[in-house]
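A structural model of the following input is requested.
(2 chains)
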There are 2 protein chains.
Amino acid sequence: MALKQEVLFRLVRRDQGSGARAGLLHTAHGVIQTPIFMPVGTQATVKTLTPEDLCAIHAQIILNNTYHLYLRPGSEIVREAGGVQKFSNWNRPILTDSGGFQIFSLAELNKIDESGFAFRSHLDGSSHYLTPEKVVAIQRDLGSDIMMVLDECVPYPCEYRYAKKSTELTIAWARKSLQAVQQYPAVHGFSQYLFAIVQGSVYKDLRRNCCEELIRLDFPGYAIGGLSVGEPKDVLYELTALCAELLPENKPRYLMGVGKPEDILEGIERGIDMFDCIIPTRNGRNGTVFTRSGPINIKSAQYKRDFGPLDPDCNCQVCQNYTRSYLRHLYNAKELLVLRLLSYHNVHFYLQLVAQARTAILCSEYRQWKHQFLSHYSLRAADRRSLASD
Amino acid sequence: MALKQEVLFRLVRRDQGSGARAGLLHTAHGVIQTPIFMPVGTQATVKTLTPEDLCAIHAQIILNNTYHLYLRPGSEIVREAGGVQKFSNWNRPILTDSGGFQIFSLAELNKIDESGFAFRSHLDGSSHYLTPEKVVAIQRDLGSDIMMVLDECVPYPCEYRYAKKSTELTIAWARKSLQAVQQYPAVHGFSQYLFAIVQGSVYKDLRRNCCEELIRLDFPGYAIGGLSVGEPKDVLYELTALCAELLPENKPRYLMGVGKPEDILEGIERGIDMFDCIIPTRNGRNGTVFTRSGPINIKSAQYKRDFGPLDPDCNCQVCQNYTRSYLRHLYNAKELLVLRLLSYHNVHFYLQLVAQARTAILCSEYRQWKHQFLSHYSLRAADRRSLASD
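Model prediction:
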């Protein structure tokens, strides 16, 4: 296992003039080109899209959620199905988030102690107790290529005192999770990699200390958690840079839950390799469409007679086949098809964004490319803010 | 126009031993093999499915609705888009229902007189007045391959007196509609065919008289309307047979809004060529799945660990790629993807049903094939009734 973990990530190229980097992640279900965006498929489905759709738009890895699949359909059913790839007919790599964030945001949390979380299910109120060890065991049943440790994701703002105590807990759990990897071997016949999660709220010393402690444990990859939870943008960028600089160069870095296109580009510039976010799918279902000229809202009356594509610079199937006028009609008529078509376009947009970023890194032109992209992606900041609140 | 109308339908083969027949419908957007099932795309979309999906499952013609598209997005927008095929990216034939049924079932009907309907929109309460002539003009804007006359669809039960008056109105409107075809020529550069609709409630003399009057007007095709609205099954079958026997052999016959698989097979046996129904899509969205062994409900706990396909005898993409266990999970988790996957499978089931019926007719084995199909499709009648009420 230790040997296999060492070859998970290969750094292919560092951009000259920024922290951006291009790499490869070698998993049992395929090689992933980084930087990468991972579409979110919480309940073993990226909402409205089939695996076939996701392949067509070149998704390389998707996210599933341990908390959700543990509760429904139950990890033993996924195990019986042969793992979550077979269960959901997605045969490429999967990363499972541990569910710490969901226990806080969805479940009724009754108790948190050194051993784990006691909570009630958001589905039926049933009582559960999850420990770092059990969360690894569940992810063994699920058979994800990349497993995440159970962590405590503190809200923003958070008092220093609590953040410090919580970060210590997260570090202790990371240690237990690593031991659990040995205790619960893989059940589906392929290697799974466990990532640690850096916490510490907005406190630099806590973040720094957390990085150092987790690096000592030598995980195959590291995530930066607890950001994009309401803190100012400059804090997000600064803490991302701080962690990315501390984390080892030969391990992948994953900025959890981030974010808008501009945030992803800032993250890449600071040395992040992996991103996930519900924005392309959720905002798509709300009628927000990402285009090279900035986000638009398809509901707007200005598209009533607009027989052009969503994004003239896009080559996805939705832009090849449908007009803004038709998609606006579907949205106004509450037709389910539009949720699928806008999700498809938006995820394609995100995947193209990181693919183009990678090309720019390989050419050592990341900053120029980013500047060029962002000046074209030129909605006024005020418009962007109003769309972000969707 | 008269010449083109005459070549719309070609009778290919009559089954020996039943009224079933195989034919071809020649339209500007392609040739349709009959008997055919037409998936319902009320608002210029078959709910949850793309034109690409529909082509993959060999849909040859779909239904759109004049009333709905007139109100939203407005027929002038569809006209500007180049017709409803270009608007919706469906490049095969389209039949537009006139909307008479929708004015009764959805709108607030204020007045009906010899000239037309005065009603308020179900969307925004706006006032509208639709005449048989205007409905033809709207269908010219839409550019459907087959247009339907405006008719009055009386509810069941209906008093003889009212049914008689209403049938006379429908005949008078059919005459006006035929004149309107000359008055409002095609605007999209291809031929459109106008079908009459036989009404008469459950009264044989009214149905007979209506057939005779409409035949005299020499329409390119004839629909049987006002059935499958609550009358007993034997009445549906008897009136279908009565009309089909009266209607000319060289014109297509379309039984509107029918129905369940067994009803379609009974209709084919009595000489019907065209069917439409919302059952495969609507029931799919309610979790009902059609299989060769009868309908099942995917929500059922018995499928929790069922890692087989929806229908072992089906070769559609959903049956090739997904298990009952996974689809049940998606349904219980309220995931939108399942609505699409079940709709896809169910429409495929209906299209396979009529395709196999056609093959049986071409071999002059329709009755044997139907008997074989129905004995396999063998849920107890009680189970079927409970499913039908979904």
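
which is the next helix or strand following the helix ranked longest in chain A?
Assignment by DSSP state H gives helix A:336-362 as the longest helix of chain A. The helix or strand immediately downstream of helix A:336-362 is helix A:366-376, counting by DSSP states H and E.

surely residue A:175 and residue A:219 touch.
No. With contacts defined as CB atoms under 8 Å, residue A:175 does not count as touching residue A:219, sitting 10.4 Å away. All C-beta atoms are positioned from the backbone trio N, CA, C, and that covers glycine.

higher neighbour count, these two?
residue A:219 (24 against 16; other CB atoms under 10 Å in any protein chain shown).

distance of the more buried one from residue A:295?
Per CB to CB, to the nearest Å, residue A:219 is found 36 Å from residue A:295.

swap in residue A:336?
Residue A:336 is 22 Å from residue A:295, by CB to CB.

residue A:180 too?
For residue A:180, the distance to residue A:295 - CB to CB - is 42 Å.

what does residue A:343 give?
14 Å.

hmm, back to that, higher neighbour count, residue A:336 and residue A:295?
residue A:295 (22 against 18).

now the more buried one: how far from chain B?
Distance from residue A:295 to chain B, counting by CB to the nearest CB, to the nearest Å: 22 Å.

all strands for the stretch 151-300 of chain A, in order.
Assigned by DSSP state E, counting those that start in this stretch, the stretch 151-300 of chain A shows strands spanning A:193-198, A:221-224, A:253-255, A:274-277, A:288-289, A:296-297.

can you lay out the ones you listed as a markdown table showing distance to residue A:140 and mean pLDDT?
Shown next, in a markdown table, are these (distance: least, CB to CB, whole Å; pLDDT from 0 to 100):
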| stretch | distance to residue A:140 | mean pLDDT |
| --- | --- | --- |
| strand A:193-198 | 10 | 98 |
| strand A:221-224 | 17 | 98 |
| strand A:253-255 | 20 | 98 |
| strand A:274-277 | 21 | 98 |
| strand A:288-289 | 38 | 98 |
| strand A:296-297 | 43 | 97 |
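
would you turn those into CSV with mean neighbour count?
Shown next, in CSV, are these (neighbours: other CB atoms under 10 Å in any protein chain shown):
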stretch, mean neighbour count
strand A:193-198, 28
strand A:221-224, 27
strand A:253-255, 28
strand A:274-277, 24
strand A:288-289, 23
strand A:296-297, 19
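
near chain B, which residues of chain A are found?
A:43-45, A:47-52, A:68, A:72-73, A:77, A:80-81, A:87-89, A:304-305, A:307, A:317, A:321-323, A:325-326, A:328-330, A:332-333, A:335-337, A:339-341 (CB under 8 Å from any CB of the partner chain).

among those, name the buried ones.
By neighbour count, with 16 or more other CB atoms under 10 Å in any protein chain shown, these hold A:43-45, A:47-51, A:68, A:72-73, A:77, A:80-81, A:87-89, A:305, A:317, A:322-323, A:325-326, A:328-330, A:332-333, A:335-337, A:339-341 as buried.

now, which of the residues you listed lie within helices?
Short answer: these in helices (DSSP H) are A:51, A:68, A:77, A:80, A:87-88, A:317, A:325-326, A:328-330, A:332, A:336-337, A:339-341.

next, the distance between the ends of stretch A:247-259.
For stretch A:247-259, the first-to-last residue distance is 21 Å (CA to CA, to the nearest Å).

which of the residues in it are buried?
Buried, per 16+ other CB under 10 Å, within stretch A:247-259: A:247, A:251, A:252, A:253, A:254, A:255, A:256, A:257, A:258, A:259.

same check, this time on stretch A:134-141
Here stretch A:134-141 shows A:134, A:135, A:136, A:137, A:138, A:139, A:140, A:141 as buried, counting by 16+ other CB under 10 Å.

next, the angle helix A:324-332 makes with the longest helix of chain A.
Angle, helix A:336-362 to helix A:324-332, by axes from the mean of the first three to the mean of the last three CA atoms, to 10 degrees: 120 degrees.

find the nearest non-adjacent residue to the residue nearest the centre of chain A, please.
By CA atoms, centre = their mean, chain A has its centre lying nearest to residue A:276, at 1.9 Å. Sequence neighbours aside, residue A:38 is the residue nearest to residue A:276 in space, at 4.3 Å (criterion: CB to CB, 6 or more residues apart in numbering or on different chains).

neighbours of residue A:64, how many?
26.

quick one, what contacts the residue of chain A positioned farthest from its centre?
Most distant from the centre of chain A: residue A:305, at 36.4 Å, with distances by CA atoms, centre = their mean. By CB atoms under 8 Å, 6 or more residues apart in numbering or on different chains, the residues touching residue A:305 are A:325, B:77, B:80.

could those go into CSV alongside pLDDT?
Formatted as CSV, those follow (pLDDT from 0 to 100):
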residue, pLDDT
A:325, 98
B:77, 98
B:80, 98
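
find the closest residue to chain B in the stretch 101-250 of chain A.
Residue of the stretch 101-250 of chain A nearest chain B, by CB to the nearest CB: residue A:123 (9.2 Å).

let me fix that, I meant to ask about the stretch 51-200 of chain A.
For the stretch 51-200 of chain A, CB to the nearest CB, closest residue to chain B: residue A:73, 4.3 Å.

which residues in the stretch 1-150 of chain A form strands?
Along the stretch 1-150 of chain A, counting by DSSP E, counting those that start in this stretch, strands occupy A:9-14, A:21-27, A:30-34, A:36-39, A:62-65, A:94-97, A:108-112, A:117-120, A:127-130, A:146-148.

can I get those strands in JSON lines with mean pLDDT?
Shown next, in JSON lines, are the strands of the stretch 1-150 of chain A (pLDDT from 0 to 100):
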{"stretch": "strand A:9-14", "mean pLDDT": "98"}
{"stretch": "strand A:21-27", "mean pLDDT": "98"}
{"stretch": "strand A:30-34", "mean pLDDT": "98"}
{"stretch": "strand A:36-39", "mean pLDDT": "98"}
{"stretch": "strand A:62-65", "mean pLDDT": "98"}
{"stretch": "strand A:94-97", "mean pLDDT": "98"}
{"stretch": "strand A:108-112", "mean pLDDT": "90"}
{"stretch": "strand A:117-120", "mean pLDDT": "95"}
{"stretch": "strand A:127-130", "mean pLDDT": "96"}
{"stretch": "strand A:146-148", "mean pLDDT": "98"}
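
for the ones you listed, which one sits closest to residue A:364?
strand A:9-14 (7.6 Å; CB to CB).

who's in contact with that closest one?
Here strand A:9-14 has contacts from A:20-26, A:34, A:220-221, A:249-252, A:273, A:361-362, A:364, using CB under 8 Å, 6+ apart.

related to what we said a few turns ago, nearest residue to the residue of the stretch 101-250 of chain A closest to chain B other than its sequence neighbours?
With CB to CB, 6+ apart, the residue lying closest to residue A:123 is residue A:71, at 5.6 Å.
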